[in-house]
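> sequence plus predicted model, see below.
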Amino acid sequence: MVEPVGTGTYDRKLRTGIDGFDCMSEGGLPVGKVSAVVGTAGAGKTVFAMQSMIHCLRSNPGVGVVVSFEQSTASLTADLASFDWNAAELIEQGRLIVIDGRPRADVLFSGAFDISGLLAMVEGAAAPDRPACVVFDGIDTLMTLLSSSSSQRLELLRLQNHIQCLGTTAILTLKANPATSGGFEEIALYMADCVVEMRREGQDSVSRRSIWIQKYRGSGHSLARVPFIVTFKGVEVEGVDSRPNTAQVSNDRLSMGVTQLDEMLGGGLFRGTSTLISGAPGTAKTTLGLAFLNAMCQRGERALGICFDERPNEIVRNVSSVGIDLTPHIASGLLHLHGIANQTAGPDEFAYEIATAIRQHRARHLLIDPISVFTQEAPAQNAVRRIIQLCKREGITVILTSLLDRNALEAEASRSYVSTICDTWVHLTYVIHGGERNRALTIIKSRGTAHSNQVGELLLDDNGLTIARTYTEEGEVLMGSLRWQKERANEQAIRDAEEEAARHYREAEQSVEELSGRVTSLSNELEAKREELKRLSQKAAMITQLERERRSQLSRLRSAGEPIQQAVQEVP
């Protein structure tokens, strides 16, 4: 028995093993029903059907039967061996039965026929049990042998009734063009309980595949057309997770690896946010991104670098020239630099490879250098969004570098939508003045941060990266040697001002000392005058007192009648 999954209105669903599709369909394909997989040639219909069946057999007991109307048994078995499903084991165990249902080229058909014999053969192949899952691959090849649409409808209804009576799960694959109407293809789509449309389209020399659930009776499902790729694991569908992002918002600040830049960002980047570093070639975008990864590895946290333009060993060599040694972090396993080998792949393949590398390395921090390989076409923008959404959901801090033409306006970066999605945008550019080319750094935006609005000069030397203040002279930004000359001139002006101030201080101090000496001398002279004045005052008082005494004595003598002459003589 097939163990169903209870979900949605359909409480019986069969997981396909394609996580993204199971998420889109809210559980998988309907159990005991008919599902139709339609699409153009090379869209991946057979791979989808076989992957779903093999996952069913791996998860549940029973037998699976495949009826191929386009390939021989040997051809289909060889194709299955190219995937890591180990289908050969199931074939050897007798749990996977492949039936060659191709019409024989040497047989002429005349009159009416039906598929009763085919259905009986399928049922007998799985005897004594009923088949857990049946795949009719390329059933449109068989249906075209029927002469009329009424016959086609009758046989499709016969197939549907037989499947329902068996209680097995059936998957039909057929080539159909959604733009056309009429014919057995339309009848099959009306008959099926679940219709999955797969497309393969070419655009700018890149082939893109997409999957869409056209209908699903009795069950909710995603309405979006979602890109997918085919790898050695089979169909890989980008999951559409409708659940809200419950990742915890962190207030933890992370260093960019450059002290002055951390100060400009108000303390660094928030953990789990996304940052865009844009600029012209040679402005040190990669170096700045790797400085961040180096700082994170020094904290003991796992980091991943995705490299498109350079090989990992070249990157390690190049950044060592500016004092960033990544070798110990790579040796310890904290840092992994993943080079993208296939530069001609499409954005969906790139996104899948990056997501796989993130899961394998268990990275907490990510650098994609450059992201501009994605942003050239509209479909690539969706791939970038999915990468950033994945990082947001997992709490991964991501740094994206984007290559811009030197003369491009900042608005051009917004057209890629990357700058709109990212939380922080650091822009690097060149300033050419006075015969020099210097790097300028500005922070265009940083959500949740009171960031600096000043222009800084990014300097690279053997000791690492630093950001120097720029000078504005009569409306011009001074960098390089002009900034150095201005700094030296300002330093000399400060020294001259200090020396002038010291000279004035000494002169004032000398004047104070002279005045203080004069004040002391005058104070002494004043005190001497006061003493002299005091003595003169005492002497005058004494003379006055003696005169009073003489007059008093003279008065007494006159009163006594003594001869005045005698009194006068007696007066001393």
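Done, it's in.

> every contact and neighbour count from this point should use C-alpha atoms.
OK.

> dump the residue contacts of I399.
S274, T275, L276, I277, G289, L366, L367, I368 (C-alpha atoms under 8 Å, 6 or more residues apart in numbering).

> can you tell me which of those residues end up in helices?
Of these, the ones assigned to helices by DSSP state H are G289.

> would you turn the contacts of I399 into TSV with distance to Q454?
Converted to TSV, the contacts of I399 look like this (distance: C-alpha to C-alpha, whole Å):
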residue	distance to Q454
S274	22
T275	18
L276	18
I277	17
G289	21
L366	27
L367	26
I368	27
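
> now for the contacts of I399: which two are most distant?
I277 and L366 (13.2 Å; C-alpha to C-alpha).

> same for the helix or strand containing T544, what does it pack against?
T544 is part of helix 480-560, with elements assigned from DSSP states H and E. Helix 480-560 is packed against strand 436-446, helix 564-570, with contacts defined by 3 or more C-alpha pairs under 8 Å, 6 or more residues apart in numbering; DSSP states H and E.

> worst average pLDDT in the ones you listed?
In terms of average pLDDT, helix 564-570 trails the rest of these, at a mean of 51.

> domain ranges for the protein?
13-237, 253-472 (automatic domain parsing).

> what residue ranges in the stretch 401-550 of the chain score low on pLDDT?
405-417, 470-484 (pLDDT under 70).

> about what we covered before: in TSV, list the domains of the chain along with distance to Q485.
Converted to TSV, the domains of the chain look like this (distance: least, C-alpha to C-alpha, whole Å):
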stretch	distance to Q485
domain 13-237	52
domain 253-472	11
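
> out of those domains, which comes closest to S521?
If we rank these by C-alpha to C-alpha, the stretch that ends up nearest is domain 253-472, at 56.0 Å.

> quick one: the helices in the stretch 301-450 of the chain?
312-320, 327-332, 347-361, 378-394, 410-414, 418-421 (DSSP state H, counting those that start in this stretch).

> can you give me the distance of L76 to A508?
104 Å (C-alpha to C-alpha, to the nearest Å).

> nope, A345 is what I was after
Relative to A508, and taking C-alpha to C-alpha, A345 is found at 80 Å.

> neighbours of F48, how many?
Counted with other C-alpha atoms under 10 Å, the neighbours of F48 add up to 22.

> got a list of what T449 touches?
Counted by C-alpha under 8 Å, 6+ apart, T449 has contacts L265, G266.

> ok, now A170?
Per C-alpha under 8 Å, 6+ apart, neighbours of A170: G32, K33, V34, S35, C133, V134, V135, F136, I163.

> do that again at 7 Å, thanks
K33, V34, S35, C133, V134, V135, I163 (C-alpha atoms under 7 Å, 6 or more residues apart in numbering).

> ramachandran angles for it?
phi -120, psi 140 (degrees, to the nearest 10).

> who does it form a beta bridge with?
V34, V134 (DSSP bridges).

> report pLDDT for it.
Predicted confidence (pLDDT) for A170: 93.

> likewise for the one 3 residues further on?
At T173, the predicted lDDT confidence score is 93.

> tell me the SS of it?
strand (DSSP: H, G, I helix; E, B strand; the rest coil).

> I'd say it and G44 touch.
No. Between T173 and G44 there is no contact under C-alpha atoms under 7 Å: 9.8 Å.

> go through stretch 191-207 and flag the buried ones.
Neighbour-count burial for stretch 191-207, with 16 or more other C-alpha atoms under 10 Å as criterion, is recorded at M191, A192, D193, C194, V195, V196, E197, M198, R199, R200.

> ok, those vs P379, which is closest?
For the buried residues of stretch 191-207, the nearest to P379 is R200 (13.6 Å; C-alpha to C-alpha).

> who's in contact with that closest one?
Going by C-alpha under 7 Å, 6+ apart, R200 touches T40, G42, A43, S207, R208, R209, S210.

> mind running it again at 8 Å?
By C-alpha under 8 Å, 6+ apart, R200 lies in contact with T40, A41, G42, A43, S207, R208, R209, S210.

> can you tell me how far the second one sits from V135?
Noted for A41: a distance of 17 Å to V135, by C-alpha to C-alpha.

> these two: which has the busier surroundings?
V135 (25 against 13).

> my guess is that one meets L174, correct?
No. Applying C-alpha atoms under 8 Å, one finds V135 not in contact with L174, separated by 11.2 Å.

> now do the shared contacts for these two.
Common neighbours of V135 and L174 (C-alpha under 8 Å, 6+ apart) do not exist.

> low-confidence stretches in the stretch 51-200 of the chain?
Using pLDDT under 70, the stretch 51-200 of the chain drops low at 104-114, 147, 177-184.

> any idea how far L145 lies from S25?
Applying C-alpha to C-alpha to L145 and S25 gives a distance of 33 Å.

> of the two, who's got more company?
Ranked by neighbour count (other C-alpha under 10 Å), L145 and S25 place S25 first, with 27 against 14.

> need the contact list for the closest residue to Y216 other than its chain neighbours.
Of all residues beyond its chain neighbours, the one nearest Y216 is C194 (4.4 Å), with distances taken as C-alpha to C-alpha, 6 or more residues apart in numbering. C194 makes contacts with L29, P30, V34, S35, A36, I213, Q214, K215, Y216, R217, as judged by C-alpha under 8 Å, 6+ apart.

> change it to 10 Å
By C-alpha atoms under 10 Å, 6 or more residues apart in numbering, C194 lies in contact with 25, 29-30, 33-37, 171, 213-219.

> where do the helices of the stretch 101-250 of the chain begin and end?
For the stretch 101-250 of the chain, helices defined by DSSP H, counting those that start in this stretch occupy the ranges 116-125, 139-143, 149-166, 183-191.

> so which of the ones you listed is nearest S516?
For those, distance to S516 was read as C-alpha to C-alpha. The smallest value, 112.7 Å, belongs to helix 183-191.

> any common contacting residues for I277 and L366?
G289, I399, L400.

> closest to V226 out of those?
L400 (23.7 Å).

> state the pLDDT value of that closest one.
Looking at L400, the pLDDT reads 94.

> buried sites along stretch 486-497?
Neighbour count says stretch 486-497 has K486 buried, by 16+ other C-alpha under 10 Å.

> sounds good, over and out.
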